[in-house]
Each structure stands twice: as structure tokens, then as C-alpha cells.
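Asks: predicted coordinates and the sequence they were generated for:
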Amino acid sequence: MKHNISIRVNSNEYLVEADSNRTLLDVLREDLKFTGVKDGCKAGECGACSVILNGEIVNSCLVLAIEADGADILTIEGLANGDELHPIQKAFVEEGAIQCGFCTPGMIMSAKNLLDKTNNHPTSEEVREAIRGNYCRCTGYKKIEKAIFTAANMLEDNQNGRS
Amino acid sequence: MEDLKLQNPNGDSNYNIGKSVPRVDGVMKATGEVKYLPDIEMQGMLYGKILRSKEPHAIIKEIDISQATKLPGVRAVITGKNISTRKYSFIPNLADKEILCIDKVRFIGDEIAAVAADTNEIAENAIRLITVSYESLPAVFDPIEAMDSDRVLVHEGKKTNVAATFTKSFGDIEKGFSESDYIFEDVFETARQSHCCMETRGCIAKYDLSGKVTIWMPTQLQHRSRKQISDATGISTGNIRIINTPIGGAFGSKVVMDTKVPIAIELSKLTNRPIKFTNTREDEFTSSRARYSFKIKLKTGVNKDGRIIAKKAEVIADNGAYCDEGTAVLSFGCAFYTVLYDAKYTSFKSSLVYTNKQPCTAFRGFGNPQMHYAFEAHLDKIAFELGIDPMEIRMINKNKNGNAIASNALITNCTFEQCIQQAAEISDFHNKRISYKEFNKNSSAIKKGIGMAAMLHTGFTTRFFGFNATDTYIKLSENGIISVISPIIELGQGGLTAVTQIVAEGIGADVKDIRIINNDSDIIPYDLGVYGSRHTFICGNAALDAAIKLKEQLLDTASQMLNCQRKDINLKNGYVVYRNNPNAQCLSIEEICDYQAFSCGRLFSAVGKYVDELAPEGAKPENYSINIPTYSFGCQVVEVEVNEKTGNIKVLKVYAVIDSGRTLNPCLAEGQMEGAIVQGLGLALKEELIINNGKVANPSFTDYKVLHAEDVPEIEVKFIESYCDEGPYGIKGIGESGLVPTAGAIANAVFNASGLLMKELPITSEKILRAMGKI
């Protein structure tokens, strides 16, 4: 059965028609072409499809499209401000937190959610816990953890008016 | 060694070498803009699905596709009767695989039929409508059983299940044992490790009516893939074009052609549409081939003083149902086993044995991590029995500059000893061995241990193919942009960034002005591909050769423009400078290009090359000692806690010392080491593709354990900077070395903590409890 769904993605409104068995991941990637949202397992195990939905991090492959009706969603495509990278993106590039790049969008969204929730003051344990559900096969996670702290400092400096 | 050649070939100091230049593809990856294969769609594209065998070994009696063909939206259905029947394999003389099985299936997952349909869903439904009648045959899953018996033949035409053997002996090994004071024997086993690339594998193929086919896919071997596709389909390589899509993880998994490629080509031929295949995660675990598991029988003769006299390995590798990279993996394992620790007699015998299981393939380090785990664990047992310290026994037998005694392999710039010393030093190895021994006396359940494993690996691939060379073209545009046409493949290791740095350094250009074109087999120079820690080395060398030639052209024109002597000027960071005043920028590369374009009408270009001159000789069996062009050295120390109540192993810290020549980009090199070490921890402690009666029992991330962030201990990486004369700016490859010693170091730390010599990977808590006799 088809449903009309209205969702807000990266501050833009979209109307989509979706079967009841389709996931938010399917709609984001296939209908709306937000291909920065990655499909790694379709089972909520790898975190590559992580997006922020109404302020909470979710595996978009585990959310039915109809459940997201009326939701406000942030994907990796909504993070940069024009061609100005978000501090988390900047830190990932500078700290060597990216290798093949396939886990990167989901990883950055998990980092964003963490820094939002901890007001840019996460502990090491919180960082590891926040990305626990995001698998990375390339980096060994160390440089990702470092990049999240670097980003936290950059965001904190921005908040305090320093740059 | 410290007087690193801090001069580039033009005698100028380096600006870009040894710097952590941020990766050039970083922004595209951080923003999610980069399009991997699953993200690509084409006009009129159809979706492909494969029907795979549910039987491990059976005769195909009948395939009924009639219902599938009738399903609306289905555009083509094929079986082995509608496709090329020529057998193929990565190594052509071992060809044993049909694209789609005709009479017989040999593993659960073997390809039987394929469908192209308007949507993925329709294709899946169509697959369910195909019925196959099987006549089940007895199957064989254990390589030892398969080797010893011809009761079940995986390939009925062959007399045995032994697909190939690989044997090398240096000196009379039995004489060596008779000269030894003691003989030690152990048997070790390693598991199948799945690559677990985050991007699931796929391809898009489009056949056009001029007879050409274009394939979009992630691959590590662009030109060799073209050859394999040609071997399988009969289409000439001249009519096959491969566009390499950004690679979402490889680790060896994309060395060998994916069977989906010739299937997609055939479906495209039938429908005249682009055909896309994408694996599900379950497909990745069940059909995309894993690391070869080895059974390794070691026999080592030593003298009272700890000197190794003779070392012999007998290896049985589980091939699975079809040949892939097995002989190369065994040859690679042998190359290091027979050289590691300078024994007088060495011998390596191996068999690659067919079983009714998913085939295996290349995986980071080829067979070397397996061999290192076994020998390093075996060596610690020997040291323990002889009452010699683990570091001491490695020092007694260390590799040195010059020819290895047994194999005559030439080792240069050897830092084996420094690697071991540094690893012991940064980990405080000796003090911790003493303090942990004290700790363990007073601790009932938790036992602490520290262990080391040394490493010998290649610094630049092997000479396996008999040729080892490539080219690079560089051209400049009127706007000063430097286009580098290179076969460098980016699979996350930072190859694009490495070549960019080398070209920038070679020309004296700014990194930001360099663009690399590397993805089209019709454009890039011929190359073997990215594997065996070879690509930065070889593509870097060819790029540097072109860059130096181009710099000469730029300076010639600049000297005309400035009306000065060519020898008085130089290029630095995109500008011409006078040698006596290198900080004053007097002319930009852009201005030179603009002048050249609008005065002569043509611009600068150069072809660079790299040829490994010894490759043709090195590939000959009698010249095995020069099969490895250059070695890299390393040592890792691991600290663990073993909980003797639960069997749980907690890794506290990994210390890794590595010499892979000069470090081109410290941040990227550390990333290679850390990522490899974590894969090594997985191999050692968690990862195993479990196959029960031919069926993969854990085909998901829930059941197949990849390490997540909370599992990873502290890792300290230390580089020993040396200079490899053959490498661009002194570098060697570093892609694989990180995981070669890790499992051995873990096993030795566990041995130190608990006294248990763990002879089977992965070392799980269950195995610990069993070894302690608790279960």
C-alpha cells in the first residue's frame, strides 16, 4: 500500500509516495538521491546509513519511511555551509580520519549527534560509545576518535567567538 | 641511517616529503559527494540477481526458468547454457570455473542462473521462481580429508583434490635436523577471515552494438581484470573498457574478477541495457571469498644456545571449490618464512586443496600473516623451553644485511634488530615481564602478559608476474594545472595523495594545482594494480620520473622568459625562484604555461617510467631468492590480560615499530598501520567465517565479529626512518606490514600471561577455557 509522506531533509520539504515496507534509507537514497547516506547492511548493524532524525541518531535502514512522516532529518549532505565544511568534516579530513570513505558520512553524523548532546565536551568513553555502532574497516578508529576531539575544540572555539 | 637523503634527485631540499598533507580526496568523502558504485544509476538501467546453489556438491539435473521468464518486468534470464562455457581462473593454467554452472555445483553459493529485471525487487522475485533439480553428491569440507582421499572429487576430471603444490627447499633439511641439538614441532591453524569491506561489491556493465563493453566497478587490478574478463567471456581485451569507481574498502578482495562481471556483460548483451549488480551484506559473507585458512606444521631444529639451524613448514591451504590466488598466497608466505631468522636450512612444502566450500582469495599480507603467527608463537615456545628470553632468541637469529644463508635472498638496509630493540624499549618489555610475573603470583583470575613478534615483509610486491613496470603521463594546461595520468588506484590507503605529493615535489609545484586521472583503462598506462604494498612505490617512481622531466621543460622556458641561466633558477611550491634567493617568487608555473601556450601554441608534457629490471629473472623458479625486490622490517609488542575464569582476553596496548623506508606522509602511514593492526587483532581474537556442512553459519555483522571502536586498545606506532634506494624519495610500501606480526604477538602475550600456547586462530575465550581444561 502506498502512503504520502512529507519529510524535511536538510531544511528542505519533500513529498514522497512510499510503500509501507520501504525504509527511510530507501527513500533517502532512491527517491530523493541523498546517496551520501550509505547502505552497508540493511540490518542496523554497520551504521553506514546513520542520519539524525528529530535530533536523534538513527540507522535509517531500521526506520520505516511512514514512521518518518513529518520528521526533520539531517544527512551528511546538509552539514556543510555552502562550500564551507562543517568543523567535524574539516577535522576528519585534517586528522586522517578518512580512508576509503564509505563509513565516513555515518560516522560524521554520529559524531555530530554526540557533540550536540555533550555540548562539545565528550569524554573518551563517550566518543567510543557514540561510534560503537559505526563500523570502519580501514582506520582502526584511532584517528576518527582524535578528529572528534579536534572538532569539539573547533566548535567550542567558534562558540566562544574565536576562530 | 639518520642522514636521510634529504635531497631530492635535483639536489634540492624536500618540501612535500615527510609531511602530513591532508588526503586529496578527503573533502569529497567527508561531504558524501563521492559516488561509489551503489550510488551510480544510468538511463534504462536494469538490475541483476543471481541464483546460487543451495547444495554444496550436486549434479544439476534440470533448471526450469519458465516461470521466471513470464514474470512482468523480467527482461532476461540466463543459465550456463546461454553463456560462454570457457573455464577461467586468475592464474590461467589453473582455470576451473564456469561463469554459470552447467552440470555440477561445487559449493553453496555457486552461480547457476541470473536474471535482469526492471527493479531489484522483480529480479529477486524472479530468482525465487527458478527451480533447480539437484542430485546430491557426497561433499568434502575438511582439506586434510580431501587431500588424503579421492572418495569425493570436487573436480571430477582431476585425479585428486590437490589443486596445486608449492615447495621450496634450501639445503638438506634432514641434515639440518641432525646437526641440531633439539627439535621442536607444533601444528597451528588459522581461520577464514572475511574482508568485510563497508561497500558491498557490485558492477555495472553496458554492452554496445559496436561490440564494445564498458564496466563500472571497484577493482584493484584494472588491466588484469580486463584480461580475466576476456579469458572468461572471449571478448577481446581491446573491446573491454573498465571505469574504476571509488573503492569502499578492498584489502585484497578486489584483486580477482568478480563472477558477476561476465554475467552482467551477458545480460547487457541480451537486453542492450546497462545491468547493475550489487551484493547484499549476506552475499559478501557467503560468496565473495575470504582469506585462505592454513594448517601449518612446523619442525624446527635449534642448538642449545638458541641458534636456529633448520626450519621446515608443511602447509595445507583450504582452497574452497575453485582456484583463485592460492598459489600466489602460498608462494608469498614461503618467501618470508624461508628467510625470516637466518637459518642454515629452510624448507617449505605446501598444498592447495579443493573442498566444497566458498573459494578464498587474496587478503592483506597474502599468506604472510598466517606464517608469522605460527612461527612467532612456535619460537616463543622454543625460547621458553630453552630458558632464553623472547627478545634474546630473536636477536640471536636476527636477519642482517647481506644474503640470507639458506635461500641466498639479498637483504639490504636491514633494521630488523633496531625494530626489535625499539619495540622492547617503547613497551618497557623486560621490566613488564618481571612485574607481570609478580602480579600474576598474587592474582587469582586475571593474568597479565606481554609478548612480541618480529616481522619481515615485502617493501615492494614480488616479481611473480615476470614483469613489474609502469608509466605515468603528465601534461600541463595553459592555466598551470598539472594533470597526472597515472595507474595509481585509491582504495583508501592514500595513493592519490602520495602520488600528488611526489609529483609536487618532483616538479616544485603546489599540491593544490595537481589533478590525477586514474580510473579509465582506456586512458591510464598499463599496470598490474594495487596489491602487495606496491602501488605508491611503483606509481610514485613513474610519476617522479615524469615530474623531473617536466620540471626541466618548465625551467627551460622560464630561463628564456627571465633571460637568465637555467642553472641559476629552480621551482619551489609553484614558483620559479633564483637559487641564490629561494624565498623571492619571481614567476609562477601558471605564468610559464600561459607564456608557452600563447607564444608557441603547445604546452609541456612528459612520460615517466619505472621498470623493475630484475623482474623477468626474479620470476624464474631457480631465481626464487630474488623474487622479493626489497624487504620491510618490523616488530610488535602486545600487552594482554587473560581472565582465567571467563577465558576472556583483553588487549591493553599494541606497540608497533615499522621500517618501511622513508615515511612519505606520517598521518597516512600511521593510518595504514593502525587499520592493519586492528584487522590483525580481529584475525587473532575474533574473526572467523564459520562453515557448517558447506553453509556459512555467520553471514552478518551480528554473528561475524568485526572490531568496533570500544574493542580497540591503545596503539602506539613508531617509524624507523631508513632510505630505500629504489623507492621514490626513499620510500617502501606500507599497506600490509601492520597486520603481519599482530596475531603472533597476541599469541605470545597470552602465552606469557597464562602459559597457554594457543595454536588455533581466532583465540577465543572458549578456546582458552578448553586449553585450561575447564570445559
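Replies: It's in. Numbering: from 1, shown residues only, chains lettered A, B, ... in the order given.
Asks: mind checking how far the nearest residue to B:Val511 once chain neighbours are set aside is from chain A?
Replies: Using CB to CB, 6 or more residues apart in numbering or on different chains and skipping the chain neighbours, the partner closest in space to B:Val511 is B:Ala504 (4.7 Å). For every residue, glycine as well, the C-beta is placed using N, CA and C. Using CB to the nearest CB, to the nearest Å, B:Ala504 is found at 18 Å from chain A.
Asks: and B:Ala504, what pLDDT?
Replies: pLDDT, B:Ala504: 97.
Asks: now it: phi and psi?
Replies: Backbone torsions of B:Ala504, given as degrees, to the nearest 10, read phi -60, psi -40.
Asks: I'd like to know how many residues surround it.
Replies: 23 (other CB atoms under 10 Å in any protein chain shown).
Asks: which residues in chain A form strands?
Replies: Using DSSP state E, the strands of chain A run over A:2-9, A:12-19, A:50-53, A:56-59, A:72-74.
Asks: and those: which comes nearest B:Ile247?
Replies: B:Ile247 lies closest to strand A:50-53 among those, at 21.2 Å (CB to CB).
Asks: wait, what's in contact with A:Gly106?
Replies: A:37-38, A:40, A:46-50, A:76, A:134 (CB atoms under 8 Å, 6 or more residues apart in numbering or on different chains).
Asks: switch to 7 Å and redo it
Replies: Counting by CB atoms under 7 Å, 6 or more residues apart in numbering or on different chains, A:Gly106 touches A:38, A:47-50, A:134.
Asks: that older thread, with distance to B:Ala584, mean neighbour count and mean pLDDT added, can I get the strands of chain A in a markdown table?
Replies: Formatted as a markdown table, the strands of chain A follow (distance: least, CB to CB, whole Å; neighbours: other CB atoms under 10 Å in any protein chain shown; pLDDT from 0 to 100):
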| stretch | distance to B:Ala584 | mean neighbour count | mean pLDDT |
| --- | --- | --- | --- |
| strand A:2-9 | 52 | 16 | 96 |
| strand A:12-19 | 51 | 14 | 96 |
| strand A:50-53 | 51 | 25 | 98 |
| strand A:56-59 | 53 | 19 | 98 |
| strand A:72-74 | 49 | 20 | 98 |
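Asks: which of those strands sits closest to chain B?
Replies: strand A:12-19 (9.7 Å; CB to the nearest CB).
Asks: anything in that closest one near chain B?
Replies: No: Strand A:12-19 lies apart from chain B when judged by CB under 7 Å from any CB of the partner chain; the minimum separation is 9.7 Å.
Asks: what lines up beside that strand in the sheet?
Replies: strand A:2-9 (antiparallel) (DSSP bridges).
Asks: contacts for the helix or strand encompassing B:Ile50 next, please.
Replies: Element membership of B:Ile50, judged by DSSP states H and E, is strand B:46-52. Residues from elsewhere that reach strand B:46-52 (CB under 7 Å, 6+ apart): B:75, B:109-120, B:123-124, B:127, B:130, B:260, B:263-264, B:267, B:271, B:273, B:275-277, B:287.
Asks: of those, grab the buried ones for PyMOL.
Replies: Selecting only the buried entries of those in PyMOL, with 16 or more other CB atoms under 10 Å in any protein chain shown as the criterion:
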select buried, chain B and resi 75+109+110+111+112+113+114+115+116+117+118+120+123+127+130+260+263+264+267+271+273+275+276+277+287
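Asks: B:Thr742: neighbour count?
Replies: When neighbours are counted by other CB under 10 Å, B:Thr742 registers 30.
Asks: and the closest residue to it other than its chain neighbours, what does it touch?
Replies: Spatial nearest neighbour of B:Thr742, excluding adjacent residues (CB to CB, 6+ apart): B:Gly680 at 2.7 Å. Applying CB under 7 Å, 6+ apart to B:Gly680 gives the contacts B:369, B:738-739, B:742-743.
Asks: at 6 Å what do you get?
Replies: B:739, B:742-743 (CB atoms under 6 Å, 6 or more residues apart in numbering or on different chains).
Asks: helix or strand: which one has it?
Replies: helix B:666-685.
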